[in-house]
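Chemist: The following comprises the amino acid sequence and a computationally predicted model.
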Amino acid sequence: MTDAIAVPLRRARMWRRFRRRPMPMTGLVLVAGFLLLALVGPLVTGDPAQQDYLATLAPPSAAHPMGTDDLGRDAFARIAHGAQVSLQAGVLSTALAMAVGIPIGLVAGFYRRWLDPIVMRLVDVTLAFPFLVFAVGLAAIIGPSLKGVVLALGFAQLPAVIRITRGEVLAIREMDYVAAAVADGAGDAHIIFRYVLPNCASPLIVQATVAIPTAIIGESTLSFLGLGVQPPTPSWGVMLTTAQQYLGDAPWLAIWPGVMIALATLGFNLLGDGLRDVLDPRSGP
Amino acid sequence: MILKIDNLVKHYGPVRAVDGLSLEIGEGEVLGLVGESGSGKSTVGKCVLRLTEPTSGTIELGGRDITHLSRRALRPLRRDVHMVFQDPYSSLNPRFTIERIVGEPLLRHKVADRRETSRRVSEMLEKVGLRQEMRSRFPHELSGGQRQRVGLARALILEPKLVVADEPVSALDVSVQASVLNLITDLQKDMGFSCLFITHDLSVVEFLADRIAVMYLGRIVESGPTEEIFAGPRHPYTQALLSAAPVADPVRQRERRRIVLGGDVPSPLDPPSGCRFHTRCPLAYDECRSVEPALHDPRGNGHPAACHLVTADRVPDAAATR
Amino acid sequence: MSLLEITDLSVGFDTEDGLVQAVRDISLTLDEGEILALCGESGCGKSVTAMSVPRLLPPDTTRLSGSVKLDGRELTTLPEAEMRQVRGKSVSVVFQEPMTSLNPSFTVGYQIAEVLRRHEKLSRRDADRRATELLELVGIPAAARRMKEYPHQLSGGMRQRVMIAIAVACQPRVLIADEPTTALDVTIQAGVLDVFRDLRDRLGTAIILITHDLGVVADIADRAVVMYAGRAVEQATVAELFAAPRHPYTLGLMNALPSAAVDGRLAEIPGMVPSPLSDPDECAFHDRCPRVQTDCRMSRPPLVRQGEEHLAACFHPGGQS
């Protein structure tokens, strides 16, 4: 084995380990489908706000593959646009939580002293509230909008991110390679960014794949409760709210968003499990 | 003197890990610091590198007191002292390539640019017997012995005056251990660094140390030239330690007089009064329980022991009581 | 007939990289009251060999063939329910790590007595009395007081003694000790080895001692099997083995010890252990061996008799005694 191919080989081996398992691959396919729907879907479907009063609550047909809702809007177009909203809510809120939570966790875990106990008590207090209750409370304060959803879900995820980061940092700072860097006279910033952070990346990536589906469910729930995205913007949660009035006449209106939420979250969770297994450079031969 | 430790004390809360320890290492000298778990031997190494702050006492490196230097003031001095760790699995950053790991100290101390660093890394890898193609590998792709060679390369690339090696071979298999020990002796002769070699394994220090210091519960109980200690251990603890390590020869091993110590190592939370070894010493008498023996060298031949029974014309024999 | 007879035992594990063959065609016997050392370096298959006896290997991924007979009874095909009776009662195990092998929530006395009550159906009082005797047997002073203590109150050496007490509680025919003193200090190790010797002398327990430490082998074992890359390469009485090692690997191990230094240098064994994924038809040691010749690359040397009670797998054995 020569130098240049050593690293690609490692990636190749990780991919091989990943590919051989059916569950993570299913997750990958589901997530890819979700991304495709969110990114390409809105371009090919019609206007989700286009009303057709001649075809309200129509069952699935060639013109409307998923049927129409009470205002005659195409359900498929709304599902596709709703996927975009879900993706934004899931990814942006998780990114927000990571962007704020990782630095806090790093600093608390690395320096300990007085900061760590304060941060950890706050984290414990917020973790005492169920995630959704916390998010609902925040959303109610911030006000209903997509921005509000992202902020509320982002902050609701924050304690978990801080906790995981801190836990990893605590373990890594005890490693001999960190001691070796200190013994070399390396500064704190160097140690944190070159030694500690890269080594807690794997669990954080896994955490992200778990957090995104939670946030997707969170968005749907908030929107369902009227605290999130507001009609007429299509969102899976909003669609469910509408659908519940017509459960008997047009059950497909509830089934589509429900199935989509289930598949998207399942996909991310399976993917996360698979990543956890292969990402750790220390695991496996 | 490269390293001079005077009356070093390190307490972790109530735990008295090191409790008044003094030692010196001369230029090009290898000192084996021997002790069992809980003796505080690793803490001494950490204090020398200021990985932990001493509670009291002084540490001098090359004649300069570093005990209370700030991190900034300490930085240039760190070129002269490096450490090799026990665990070849946790002592190398898993996210760095071998080249990066070995070259890091050069870049850190800004003594070489990238090209120069690359050249010296090559040189160093060759010295520790690693093929050049290892440069771009990651630690987890290497065997335990190879990793320990990387750790050595990293510790030696700045040509330090002192290397602190904390059990560098005890996680390795015998055959790998042999090659790493040979390598350490070769490099030491070649580069001439002084070494504080911390270990629990007497056969390893017998192989490579010039002098030995034996620790028990945070203090040195005996020190002296390696041959002296192995030929005529003075402290009953050293005698017990030597007799307990089995030799790989069934005939000799089964005929040996062994000193089996009673009881356990007392807790460093609450070391015994008087001589710390008296609770397990087969020769202990009243004075041992109340008066702590000082490290003294009655024959003046550089072989002091901390035992009341050691006098100019008499050395205790712990095996005689069985 | 020997107490324990292992014949042509091979053990492999399914992994993502394929079948890892940990043990290949091992045959060995153990007599009553005998201490047999399985030695070799990490990955040589010594633990897997021993753990095949009580079947303490992951059942889903283990591929085992060959035969393990205890008192003439085949263990490899025994139903799990009966195997559970064998474990703990006829065959018991002492592990390396005494810190994690005891339940921290119960007193050591309770943990020993529990085994006695389960397997021997003793009453509570009898079990307690017997537990105290066992603690005395393994050399724990003030046993009655120690009975009421929790694992965290004991030192490593004391905990390992408690583990041994639990292991011998039901007077097993075979005791498997996996690196039992590796985590202990030398001054403590000597005492624990004495406990094993004492058990053998007093109860006639046969002991399989898994160790990498040739000093321990020399100290306590009657016979030893040296393993390399999953195979037994040499097998002899301890006196024979150390006096006249036949296999170059055994000799290499002995010469690599720091105490065997000649002129300030240790004898190294060059190269590395071959991958357990492959099994070419040649001597597994050939590319590290100082005595290698053409025939070593052509076929695998069988384990053959080299003298009374001395077997070695080498075409060019040395050290005639």
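Modeler: Sure thing, it's come through.

Chemist: correct me, but B:Ser223 touches B:Asp210?
Modeler: No: the pair B:Ser223 / B:Asp210 is not scored as a contact, 11.5 Å apart, by CB atoms under 8 Å. (Glycine included, C-beta is placed from N, CA and C.)

Chemist: Name the residue in those two with the higher neighbour count.
Modeler: Set B:Ser223 next to B:Asp210 and count neighbours by other CB atoms under 10 Å in any protein chain shown: B:Ser223 wins out with 28 against 19.

Chemist: Near the nearest residue to that one once chain neighbours are set aside, how many residues? Count them for me, please.
Modeler: Distances taken as CB to CB, 6 or more residues apart in numbering or on different chains put B:Ala213 closest to B:Ser223, at 4.0 Å, once the chain neighbours are dropped. B:Ala213 has 28 neighbouring residues, counting by other CB under 10 Å.

Chemist: Contact partners for the nearest residue to C:Leu214 once chain neighbours are set aside?
Modeler: For C:Leu214, ignoring the flanking residues on the chain, the nearest one in space by CB to CB, 6+ apart is B:Ala248 at 4.0 Å. Residues near B:Ala248 by CB atoms under 8 Å, 6 or more residues apart in numbering or on different chains: C:214-215, C:217-218, C:242, C:254, C:257, C:259-260.

Chemist: who are the neighbours of the helix or strand hosting the residue nearest to B:Ser223, in terms of helices and strands?
Modeler: Per DSSP states H and E, B:Ala213 falls inside strand B:211-216. Applying 3 or more CB pairs under 8 Å, 6 or more residues apart in numbering or on different chains; DSSP states H and E, we find strand B:211-216 packed against strand B:30-34, strand B:219-225, helix B:226-231, helix B:236-244.

Chemist: mind checking which of these is nearest C:Gln111?
Modeler: Of all these, helix B:236-244 sits nearest to C:Gln111, with 28.5 Å by CB to CB.

Chemist: could you dump the closest one to CSV, C-alpha only?
Modeler: Extracted C-alpha coordinates of helix B:236-244, given in CSV (Å, rounded to 0.1, in the frame of the first residue of the first chain):
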residue,chain,number,x,y,z
PRO,B,236,13.2,-5.1,53.1
TYR,B,237,10.6,-3.8,50.6
THR,B,238,13.2,-3.9,47.7
GLN,B,239,14.1,-7.4,48.9
ALA,B,240,10.5,-8.5,48.8
LEU,B,241,10.0,-6.9,45.4
LEU,B,242,13.0,-8.7,43.9
SER,B,243,12.1,-12.0,45.4
ALA,B,244,8.4,-11.8,44.3
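
Chemist: and that helix, which residues are buried?
Modeler: For helix B:236-244, burial by neighbour count (16 or more other CB atoms under 10 Å in any protein chain shown) applies to B:236-244.

Chemist: all helices for chain B, in order.
Modeler: Secondary structure of chain B by DSSP state H: the helices cover B:41-48, B:71-74, B:98-108, B:114-127, B:144-156, B:174-191, B:202-208, B:226-231, B:236-244, B:250-255, B:286-290.

Chemist: contacts for the fourth one?
Modeler: Applying CB under 8 Å, 6+ apart, the contact partners of helix B:114-127 are B:98-99, B:102-103, B:106-107, B:112, B:131-132, B:134-135, B:153, B:156-157, B:187, B:190.

Chemist: quick one on the thing from earlier: make JSON lines from the helices and strands packed on strand B:211-216 and add mean pLDDT to it.
Modeler: Output for these, formatted as JSON lines (pLDDT from 0 to 100):
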{"stretch": "strand B:30-34", "mean pLDDT": "97"}
{"stretch": "strand B:219-225", "mean pLDDT": "96"}
{"stretch": "helix B:226-231", "mean pLDDT": "94"}
{"stretch": "helix B:236-244", "mean pLDDT": "93"}
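
Chemist: follow-up on the earlier one: which one of the buried residues of helix B:236-244 is nearest chain A?
Modeler: Using CB to the nearest CB, B:Leu241 is the member of these that lies nearest chain A, at 26.5 Å.

Chemist: how near is that closest one to B:Gln177?
Modeler: 20 Å (CB to CB, to the nearest Å).
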